[in-house]
Structures are given as structure tokens and as C-alpha cells.
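J.: show me how the following folds:
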Amino acid sequence: MDNIVDVFNEFLDEEWALHQCACTEKDQSAYVTARTAFYWKWCKRVTIPNRSSYREAFEKQLELEQRRTLFQIKKYDGGEEGPIYRAYVGDHRVSVGPSGPNTRYNQNWYMRSFDGEWKVFGLSQVCADCSTLGASDGQSCTSCGGEGWKWFATDRVKRGELLGVHKIEAPASSRHKEEYDSE
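T.: Numbers count the residues shown, from 1 in each chain. Sure thing, here's the model as predicted:
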């Protein structure tokens with residue numbers, strides 16, 4: 001799985017550069033061109049978000065942000081189409097607590113090879129109501145259907161059997177570290 005780690009790191013480096021461009025580029029057409037190229041290169045069946053006011057909203061906050069952390073990659077059986085890789089990544093926003101940065105899961109990026117090219121084809125985000133637990137107040141979370149993740153800009157990805165896990169960096173969040181350590 002070492003190659004897929006390199007692929008996800010390249011993706012996250014380019015996604016971070018695009019995020020920085022969105023926050024600092026005065027010429028929005030340059031950002032739109034960069035964004036379009038990024039999505040064409042990396043994504044399959046992912047809706048391109050409309051971020052026309054993104055720069056204005058986050059320009060000052062950029063200095064408090066970072067490239068997303070890549071925590072782990074899980075490999076699943078994807079049937080005849082080949083394996084599915086699920087990357088657990090953090091947020092751009094840096095949350096600092098008494099013991100230092102509080103890194104935590106933010107999104108899952110699903111990637112597989114399509115005709116020899118790596119493409120993201122699924123994206124889920126931590127459920128704001130249950131924070132990956134799948135339950136709230138002892139009941140299955142109604143916001144995410146008990147999955148702990150909400151699908152964002154893509155259809156739900158159907159994963160097969162878990163084939164392997166590549167650990168990279170444990171999240172600091174105790175809730176997410178428990179999941180990280182479980183497999």
C-alpha cells in the first residue's frame with residue numbers, strides 16, 4: 001500500500017495549494033481555472049463546490065490553517081473494478097488545546113484506479129451530530145443513519161471486505177484515536 005500513500009499525499013499537497021489559492025488569489029478567474037484543473041485531474045463523479053466568496057471569508061484565517069493530515073488508509077475489496085482506498089484526513093483548521101494541536105478526523109476520501117489513473121470518487125465528512133460514533137443519546141444517529149459519516153458531493157460508496165490498513169499518524173482526539181487503534 002506504499003504507492004497509494006504517495007498518491008494520497010500528492011492529492012493532499014495539491015488540494016492544500018488549491019485551498020491556499022482560494023484564500024489569497026485576488027483574481028478569482030485564476031482560482032476557478034486552478035480549481036477546475038484540480039477536479040478534472042483528481043475527481044470522478046464529484047460535484048465541484050461553488051466557492052466564489054471563499055477567499056473573502058477565509059483570507060485572514062489562512063495563517064491558522066495547514067495541509068490536511070493523512071491519518072490512515074484502509075483498503076477494501078472493490079470487486080471487478082479493483083480495490084477501493086479510503087483515506088482518513090484531518091481538517092485545514094488547526095485546533096489547539098492545552099496539550100497541543102488537537103488533530104481529528106474530518107473527511108474520508110475514496111480513491112481507486114480508473115483506466116490507470118487515480119481518481120477520487122467518494123467523499124464523506126464526519127457527522128456533526130454524532131462525531132463518527134453513529135449514535136447520539138443512546139439511539140442510532142438520524143443525521144447519518146448510524147454510519148458516523150455524512151456523504152458529501154458524491155453517492156455513498158459501497159465497500160467490500162476490509163483487506164488492509166496502513167497507519168500513518170494517530171489523531172490526537174481520543175474518540176478518533178480509539179477508532180484508529182481498533183484495526
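
J.: this structure: helices as residue ranges?
T.: 2-24, 28-42, 54-58, 174-182 (DSSP state H).

J.: mind giving me the packing neighbours of the first one?
T.: Contacts of helix 2-24 with other secondary structure elements, assessed using 3 or more Cβ pairs under 8 Å, 6 or more residues apart in numbering; DSSP states H and E, are made with helix 28-42, helix 54-58, strand 70-76, strand 84-89, strand 107-114, strand 117-126, strand 162-167. C-beta coordinates here come from the backbone N, C-alpha and C atoms, glycine included.

J.: which secondary structure element of the chain has the lowest mean pLDDT?
T.: Within the chain, no helix or strand scores below helix 54-58, which has a mean of 48 by mean pLDDT, DSSP states H and E.

J.: circling back: out of the helices of the chain, flag the one nearest residue 109.
T.: Closest to residue 109 of the helices of the chain, according to Cβ to Cβ: helix 2-24, at 7.2 Å.

J.: what comes up buried for the closest one?
T.: Neighbour-count burial for helix 2-24 flags 4, 5, 7, 8, 11, 12, 15, 18, 19, 21, 22, 23 (criterion: 16 or more other Cβ atoms under 10 Å).

J.: any idea how far residue 90 is from the residue nearest the centre of the chain?
T.: Nearest to the mean C-alpha position of the chain, by Cα atoms, centre = their mean, lies residue 107 at 3.5 Å. According to Cβ to Cβ, to the nearest Å, residue 107 and residue 90 sit 8 Å apart.
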